[in-house]
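K.L.:
curious how this folds, go ahead:
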Amino acid sequence: MSYSAFAKYYDILTRNVDYKGRADYLCRILKYLHHSPALMIDLACGTGSLTLELIERGFNVYGLDASPEMLSAAEQKASAAGRRVLFICQKMQEMNLYGTVDTAVCMLDSVNHITSKADLQKAFDRISLFMNPGGYFIFDMNTLYKHRKVLSDNTFIYDMENVYCVWQNRFEPKSGRVAISLDFFERNGKLYRRSSEHFYERAYKVETVRKMLEAAGLKTEGIWADLTFDAPVPTTERIVFAAKKIATKNLAGT
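P.N.:
Residues are numbered from 1 along each chain as shown. Here you go, the predicted model:
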């Protein structure tokens, strides 16, 4: 999935996201963990908004995403900001870096886009493999509650300047996935041009994620409701994990 159509409208659809506040929250997490990263990677970085916010806070950060279109937008954004940023086009479960990092972050539900447990385990394994001992992997995930009660089979409409978006969801009870269809209608004179994107998200049980992290040599040090240090409750829609690299995972073929 390249998210080619989604990439064009991603920043418009996420303009309500407080990237500055989310970067500040990550800084608070790092302080809470007494962790000072020398090198950080922003996984599934999309168009690079969070990457640049972290750079503005003095971190040495580079980005990784599986979508060439997303990364093209990220490179243009970085250039406009006068920043030279390394962006790598790879899937998390196939990540192959030049060296190791001290911290990996993956925000805004990107992990939910990995809908196979086997692929999610591969992603955790690869992240652990390229992380220094004592390093941290910090990421968030949509919860089962959000998938079942908020996204569910609902439709959302975004009526924005020059673009009209219809966001349709279909919840699959057996798989736990949500099938997401985005239809974009962009004004072109008196007409509208339509483009579409289709993908899936999957929510996982907290204990399942914890065990998969442990299998990758990553010990869960914190689980919080989004943007807080509070324990999640049954109606929490997004949770944040902080996992520490404690062991070396021997992976075949690496």
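
K.L.:
which parts of the stretch 151-254 of the chain are helices?
P.N.:
Secondary structure of the stretch 151-254 of the chain (DSSP state H, counting those that start in this stretch): helices located at 206-215.

K.L.:
low-confidence bits of it, can you list those?
P.N.:
247-254 (pLDDT under 70).

K.L.:
can you map out the strands along it?
P.N.:
With DSSP state E, counting those that start in this stretch as the criterion, the stretch 151-254 of the chain has strands at 155-160, 163-172, 177-188, 191-202, 218-225, 238-245.

K.L.:
nearest to residue 140, of those?
P.N.:
Evaluated with CB to CB, the strands of the stretch 151-254 of the chain place strand 238-245 nearest to residue 140, the distance being 4.7 Å. The C-beta positions use only the backbone N, C-alpha and C, and glycine is treated the same way.

K.L.:
name every strand pairing with that closest one and say which way it goes.
P.N.:
Applying DSSP bridges to the sheet, strand 238-245 is found paired with strand 131-142 (antiparallel), strand 218-225 (antiparallel).

K.L.:
buried deepest among those, which one?
P.N.:
Highest mean neighbour count among the strands paired with strand 238-245 (mean count of other CB atoms under 10 Å): strand 131-142, with a mean of 21.

K.L.:
ok, and the closest non-adjacent residue to the residue most central in space within the chain?
P.N.:
With distances taken as CA atoms, centre = their mean, residue 110 lies nearest the centre of the chain, 2.8 Å away. Closest residue to residue 110 in three dimensions, ignoring its sequence neighbours and counting by CB to CB, 6 or more residues apart in numbering: residue 44, at 3.4 Å.
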